[in-house]
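>>> the sequence isn't on hand, but the structure is:
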Ligand code: BTN
């Protein structure tokens, strides 16, 4: 990847600003700092390699050169969007789901709250961070990592959840820039639908572990076991406990994994 080719490939999207790095600490750090320094809505940061990429819950996210997509998109939320910040992560997941399904015909699912799975293995992680000024969100950074080549996937003993790459799943080479372009185009198309009936329906229709038994750890303390029922209008997961009680779990400090006995390997996310 190089900056000129990247800029040329994204021209028709009319993004207002773009920063490209061969190597960077974390694209989310660059974007968060840029928010403080006036980054416009849809300013984009892309890197070929990250040296201190971050995942959810303080985990590490590895981005090796020439093997993955690592990007952070700045969103300056509109007044309507301010009340729906938690939906940006699934928005990115819904957009990526669409592109991977349409372009490669892959069996793609969205693992609540924010991972994208192919063949029930993780191909993409999403980390949304917000720059606040008091109670006001100045800007949101939508950070997305996508495993393109098999070399993007860390060794199995370093994984908390099974992972794969798009090339491994599709059985062919993937053009990173085409995928980046199509993903951003899909995201821009879906954005006006944030929180709409169609958005929730698409999210729920493609939810991983639907009607399956899962275990959810929240805040490292509380554990829920139950069957996934779907998503509520606030984006919370609806879980039916064995007692017949339905609980709604907010995204945030949570980990979801299949219960023992389901077909996916029961390793922790
Ligand atoms: C997760 O699965 O825990 C989320 C992973 C998010 C990784 C992306 S890569 C681009 C952006 N920069 C980061 O440091 N993290 C996100």
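Arrived safely, thanks for sending. In this text, all values refer to a predicted model and were calculated from it rather than measured experimentally.
>>> hang on, residue 55 packs against residue 62?
No: the criterion here is CB atoms under 8 Å, and residue 55 misses it with residue 62 at 9.2 Å. Backbone N, C-alpha and C define where each C-beta goes, glycine included.
>>> would you tell me which residues of the stretch 101-250 of the chain are close to the ligand?
115, 125-127, 143-145 (CB under 6 Å from any ligand atom).
>>> not counting its neighbours along the chain, what's nearest residue 73?
Nearest residue to residue 73 in three dimensions, chain neighbours excluded: residue 142, at 4.5 Å (CB to CB, 6 or more residues apart in numbering).
>>> I misspoke; the intended subject was residue 247.
Distances taken as CB to CB, 6+ apart place residue 239 nearest to residue 247, at 5.1 Å, with adjacent residues excluded.
>>> now swap in residue 21 and tell me
Among residues not flanking residue 21 along the chain, residue 47 sits closest, at 4.4 Å (CB to CB, 6+ apart).
>>> got a list of what that neighbour touches?
20-24, 27, 63, 70-71 (CB atoms under 8 Å, 6 or more residues apart in numbering).
>>> how about a cut-off of 7 Å?
21, 23-24, 27, 63, 70 (CB atoms under 7 Å, 6 or more residues apart in numbering).
>>> these two touch, right, the residue nearest to residue 73 and residue 88?
Yes: using CB atoms under 7 Å, residue 142 makes contact with residue 88 at a distance of 5.7 Å.
>>> what's the overlap in contacts for the two?
Residues within reach of residue 142 and of residue 88 at once, by CB under 7 Å, 6+ apart, are 75, 128.
>>> neighbour-wise, which of the two wins?
Shown here are residue 142 and residue 88; by other CB atoms under 10 Å, residue 88 has more neighbours (24 against 21).
>>> would you list the phi and psi of that one?
phi -70, psi -30 (degrees, to the nearest 10).
>>> swap in residue 159?
According to degrees, to the nearest 10, residue 159 has phi -100, psi 140.
>>> try residue 54
Backbone phi and psi, for residue 54 under degrees, to the nearest 10, turn out to be phi -110, psi 140.
>>> next, the residue in the stretch 101-250 of the chain that the ligand sits nearest to: phi, psi?
Closest residue of the stretch 101-250 of the chain to the ligand, CB to the nearest ligand atom: residue 125 (2.1 Å). Backbone torsions for residue 125, taken as degrees, to the nearest 10, come to phi -120, psi 150.
>>> the closest residue to it other than its chain neighbours: what's it in contact with?
Counting by CB to CB, 6+ apart, residue 125 lies nearest to residue 145, which is 5.2 Å off, once chain neighbours are set aside. Residues in contact with residue 145, defined by CB under 7 Å, 6+ apart, are 53, 61, 63, 68, 70, 124-125.
>>> just give me the closest of the residues you listed to the ligand.
Using CB to the nearest ligand atom, those come closest to the ligand at residue 125, 2.1 Å.
>>> count of neighbours near residue 200?
When neighbours are counted by other CB under 10 Å, residue 200 registers 19.
>>> that one: what secondary structure?
Following DSSP: H, G, I helix; E, B strand; the rest coil, residue 200 is assigned to helix.
>>> quick one on the thing from earlier: right, and the helix or strand after the helix or strand where the residue nearest to residue 21 lies?
Under the criterion of DSSP states H and E, residue 47 resides in strand 44-50. Using DSSP H and E, the helix or strand that follows strand 44-50 in sequence is strand 68-75.
>>> could you check the angle strand 44-50 makes with that next one?
150 degrees (axes from the mean of the first three to the mean of the last three CA atoms, to 10 degrees).
>>> any idea what the residue most central in space within the chain is bridged to?
The chain has residue 126 as the residue nearest its centroid, 2.7 Å off, counting by CA atoms, centre = their mean. Following DSSP bridges, residue 126 is listed with bridge partners residue 144.
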